[in-house]
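J.: need coordinates for the below:
(one chain, ligands or ions: 1)
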Amino acid sequence: MSEVMLQQTQVARVLDSWRRFLDAFPSPSACADAPLASTLRLWAGLGYHRRAKALHEAARTIRDEHGGEVPRDATTLRGLRGVGEYTANAVASFAFGQRVAVLDTNVGRVLARAVANRTLGTREARDLAERLLPARGVASHNQALLDLGAQYCRATPRCASCPLARACRWNLDGGEDPAPLSAAVSRRQSNFEGSDRQVRGRIIGLLRSEEASMTAVVAHVAPVERARVERLVTDLVKDGLVERTGRRLRLAAS
Ligand code: SF4
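T.: Model prediction:
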């Protein structure tokens, strides 16, 4: 659950929601047995609501096809809705001690700068991450790389205080920063303020507490123009996050 929440949201914003989720759904089956609307309500503040729907679907797959137990290996985890390579490997490594490399934007920067000192393609980054896995303590190794990338080897690196500084190839050899165009390194996100993502979040925020008419939704997100709101509501219905009955809109129940 935490890995899905952290896919596009920072740790500080996830903590409260994660605790609320665990209180409400102490097992995958508890989440699966509850209506989707319950998951969407608990998702308040996290954004990217398709992840909540995917998490709910994954919980139902775990309940129906895996006896209520989260699969332990990355390949089976990849079969769950909303679980990509990073999330599958992170769960397999951190929860179950499997020998798999965890590669995200933070690790991608460390590999490109400290190890290769050149831009890495997707296959190269994955192969390099796997070659670096130690014989033992794989989860700690993966966590250390994630922390290095998050604390020191950031988009603007903090080389002066970095514990890898004396072994880092880019720090020692210099040259163009190889990280920005490397595999797994995310590009800068578009502005949130005024975006469709923000308006979608505000629509769902209203429907979390009450059913509403389109007119009420338009008033709630004013001054966004009505045509844009109608398009976003249509998308939310298509995504299975919102239901429309006659003129009423509500969070999807199932
Ligand atoms: S020394 Fe600088 S570039 Fe190298 S790993 Fe540390 S923060 Fe990244």
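
J.: can we go C-alpha only for contacts and neighbour counts from here?
T.: Noted.

J.: closest residue of the stretch 1-150 of the chain to the ligand?
T.: Closest to the ligand within the stretch 1-150 of the chain is residue 114: 4.7 Å, counting by C-alpha to the nearest ligand atom.

J.: distance check, the nearest residue to that residue once chain neighbours are set aside against residue 174.
T.: Of all residues not flanking residue 114 in the chain, residue 168 sits nearest, at 4.1 Å (C-alpha to C-alpha, 6 or more residues apart in numbering). Here residue 168 is placed at a distance of 10 Å from residue 174 (C-alpha to C-alpha, to the nearest Å).

J.: what parts of the stretch 1-150 of the chain come near the ligand?
T.: Proximity of the stretch 1-150 of the chain to the ligand (C-alpha under 6 Å from any ligand atom) is limited to residues 110, 113, 114.

J.: same check, this time on the stretch 151-254 of the chain
T.: The stretch 151-254 of the chain comes close to the ligand at residues 152, 153, 157, 158, 159, 162, 164, 165, 168, 170, 171, as judged by C-alpha under 6 Å from any ligand atom.

J.: in helices, which of the residues you listed fall?
T.: Under the assignment DSSP state H, those contribute 170, 171 to helices.

J.: report the two of the residues of the stretch 151-254 of the chain next to the ligand separated the most.
T.: 152 and 170 (13.7 Å; C-alpha to C-alpha).

J.: look at the residue nearest to residue 61 when sequence neighbours are not counted and give its secondary structure.
T.: In space, and not counting its chain neighbours, residue 61 is closest to residue 80: 7.0 Å by C-alpha to C-alpha, 6+ apart. Three-state call for residue 80 (DSSP: H, G, I helix; E, B strand; the rest coil): coil.
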